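Engineer: Need coordinates for the following:
(one chain, ligands or ions: 1)
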Amino acid sequence: MPEKEAYAQLEHKLMALRENSRTGDERKTLDEVFDHETVMGIYKLMTSKIIESVLFPISTGKEGNVFACENLQGKLLALKIYRTSNSTFNRINKYIEGDKRFLGISGSKRKVMAAWASKEFRNLQRMHEARVNVPEPIKFHRNMVVMEYIGSKTAPAPTLRQVALDDPSKVYKNTIDNISLMYQKAGLVHADLSEYNILYYKRKPVIIDVGQAVLTDHLNSKDFLERDVKNINRYFRSLDVDIEDSDHIINNIMGIKG
Ligand SMILES: Nc1ncnc2c1ncn2[C@@H]1O[C@H](COP(=O)(O)OP(=O)(O)OP(=O)(O)O)[C@@H](O)[C@H]1O
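Structural biologist: Below you'll find the predicted structure:
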């Protein structure tokens, strides 16, 4: 598609998404997300053939928005755009400060947001390579991450919180196996794991929102791991699953003999 046409199509699409927003708050959020820099960034993703068009919004979170997109081959992708608001910036800056991979990144909001998007992308890469069940990372650019879309043509996969599981015990075991792989093979701890950050797709848990995941040698990684495991145990206990003792799970994951 010629460049001018692609840009015009993008602007048109973004206007339409804005017009279709039901509330004033939603419109305000979209205006914040689609600042000039971000629109230029999406345009770049289009001209470099990563995405062909933005289809529909999936979620408006505290920190970012997720959109369903399509590539030239008609494959669905998820585009996560981090908002450069003050609250997002302050929370994120805290995590980046404690991560040796981001030494020296500070200063402008834009730089920090780009570092954060690259952190989510790299965390996804490490996890995907370790065969943790996460969306496959495709590309990051500025404050945006493009990844595999998890869901159907009409709706994203539900979170564990939103779905009635056929076999909760199996999903529980699978989730703990993923936390274990993440620690042992990817060298990472998710650090914000709960039923809200796990999608249920093809009868398996898919872990998302990995921006804040830390390396296992991070000062607080054990505390984060404990919190993740306790959250998962709490949720599955509420579904009447016969859960394992959290200390036992943590020792197993960390390779500590009890
Ligand atoms: N790869 C994906 N495929 C399909 N849907 C996705 C994907 N990634 C995220 N989503 C959807 O977007 C929602 C928000 O994603 P995510 O948790 O990564 O963003 P967030 O901005 O941190 O959100 P929140 O502030 O709500 O935690 C998810 O609950 C899910 O519905």
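Engineer: What residues sit buried inside whatever helix or strand K139 lives in?
Structural biologist: For K139, the host element (DSSP states H and E) is strand 137-141. When burial is assessed from 16 or more other Cβ atoms under 10 Å, strand 137-141 yields the following buried residues: 137-138, 140-141. C-beta here means a position set from N, CA and C on the backbone, and glycine is covered the same way.
Engineer: State which helix of this protein is the longest.
Structural biologist: Assignment by DSSP state H gives helix 109-129 as the longest helix of the chain.
Engineer: and the angle for that one with strand 137-141?
Structural biologist: Angle, helix 109-129 to strand 137-141, by axes from the mean of the first three to the mean of the last three Cα atoms, to 10 degrees: 170 degrees.
Engineer: so what does helix 109-129 touch, helix or strand wise?
Structural biologist: Counting contacts by 3 or more Cβ pairs under 8 Å, 6 or more residues apart in numbering; DSSP states H and E, helix 109-129 is packed against strand 76-82, helix 86-97, strand 137-141, strand 144-148, strand 188-189.
Engineer: Same list (these) but as CSV, adding distance to the ligand.
Structural biologist: Output for the helices and strands packed on helix 109-129, formatted as CSV (distance: least, Cβ to the nearest ligand atom, whole Å):
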stretch, distance to the ligand
strand 76-82, 4
helix 86-97, 9
strand 137-141, 10
strand 144-148, 5
strand 188-189, 16
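Engineer: elements contacting the strand holding K139?
Structural biologist: For strand 137-141, the elements it packs on are helix 36-47, helix 109-129, strand 144-148, judged by 3+ Cβ pairs under 8 Å, 6+ apart.
Engineer: Just send those back as TSV, with mean pLDDT and mean neighbour count too.
Structural biologist: Shown next, in TSV, are those (pLDDT from 0 to 100; neighbours: other Cβ atoms under 10 Å):
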stretch	mean pLDDT	mean neighbour count
helix 36-47	87	17
helix 109-129	91	20
strand 144-148	97	23
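Engineer: With distance to L76 as extra columns, can I get these in TSV?
Structural biologist: Formatted as TSV, the helices and strands packed on strand 137-141 follow (distance: least, Cβ to Cβ, whole Å):
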stretch	distance to L76
helix 36-47	15
helix 109-129	17
strand 144-148	8
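Engineer: Just tell me which of those ends up closest to Y196.
Structural biologist: helix 109-129 (16.4 Å; Cβ to Cβ).
Engineer: What residues does the stretch 151-258 of the chain have near the ligand?
Structural biologist: 151, 156, 159, 197, 208-209 (Cβ under 6 Å from any ligand atom).
Engineer: Now with 8 Å, please.
Structural biologist: Within the stretch 151-258 of the chain, the positions lying close to the ligand (Cβ under 8 Å from any ligand atom) are 151, 156-159, 192, 196-197, 199, 206, 208-209, 211.
Engineer: List only those of those residues flagged as buried.
Structural biologist: Judged by 16+ other Cβ under 10 Å, buried ones among these: 151, 156-157, 159, 192, 197, 199, 206, 208-209, 211.
Engineer: what's the spacing between the closest residue to the ligand within the chain and R83?
Structural biologist: Relative to the ligand, the nearest point of the chain is G61 (2.6 Å; Cβ to the nearest ligand atom). Counting by Cβ to Cβ, to the nearest Å, the gap from G61 to R83 is 9 Å.
Engineer: Likewise for R101?
Structural biologist: 23 Å.
Engineer: next one: E195
Structural biologist: From E195 to R83 the distance is 24 Å (Cβ to Cβ).
Engineer: Low-confidence regions, the stretch 1-150 of the chain specifically.
Structural biologist: 1-4, 6-7, 18, 21-22, 28-33, 85-89, 94-95, 97-98, 100, 102-107 (pLDDT under 70).
Engineer: Contact residues of it facing the ligand?
Structural biologist: With Cβ under 8 Å from any ligand atom as the criterion, the stretch 1-150 of the chain meets the ligand at residues 58-59, 61-66, 68, 78, 80, 82, 135, 147-150.
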